[in-house]
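# Provide a 3D model corresponding to the input given below.
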Amino acid sequence: MTINNTSAFVAAQQAALGFAELPAHAARSFFYTGNILNVAVLPSFMSAGTGKSAAAHMMMAAAAAYQDRGFKYVHSRCP
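Residues are numbered from 1 along each chain as shown. The predicted structure is shown next:
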């Protein structure tokens, strides 16, 4: 939970604060890279998969919430 979610949440939150201070012409993108575990079930990696799925969902929520400000939150989708 701490590695896959809390740290990603804090990083995304800090990115939003930083994006708000950028000049109008600057790009505002936050990329969260993952692995196949947010879209595929590998039983021996259940705890890692639930963390990656939650983090991917959080990035999609941030993308929707900040879309009107031009902030882009992107997560990798494998495969």
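
# Double-check residue 12 against residue 60; I have them as touching.
No. The pair residue 12 / residue 60 is not scored as a contact, 11.4 Å apart, by CB atoms under 8 Å. All C-beta atoms are positioned from the backbone trio N, CA, C, and that covers glycine.

# How far off centre is stretch 26-36?
Between the centre of stretch 26-36 and the centre of its chain there are 7 Å (CA atoms, centre = their mean, to the nearest Å).

# My read is that residue 52 contacts residue 35, right?
Yes. Residue 52 lies in contact with residue 35 (CB under 8 Å); the separation is 6.5 Å.

# Tell me which of those two has more neighbours.
More crowded of residue 52 and residue 35, by other CB atoms under 10 Å: residue 52, with 25 against 15.

# for this structure, which residue is closest to the average position?
Nearest residue to the geometric centre of the chain (CA atoms, centre = their mean): residue 59, 3.3 Å.

# if I pick it, what's in contact with it?
By CB atoms under 8 Å, 6 or more residues apart in numbering, the contact list for residue 59 reads 8, 12, 30, 32, 73, 74, 75.

# same thing but 7 Å
Each residue near residue 59 by CB atoms under 7 Å, 6 or more residues apart in numbering is listed here: 32, 73, 74, 75.

# Which of these ranks first by neighbour count?
Top of those by neighbour count (other CB under 10 Å): residue 73, with 22 neighbours.
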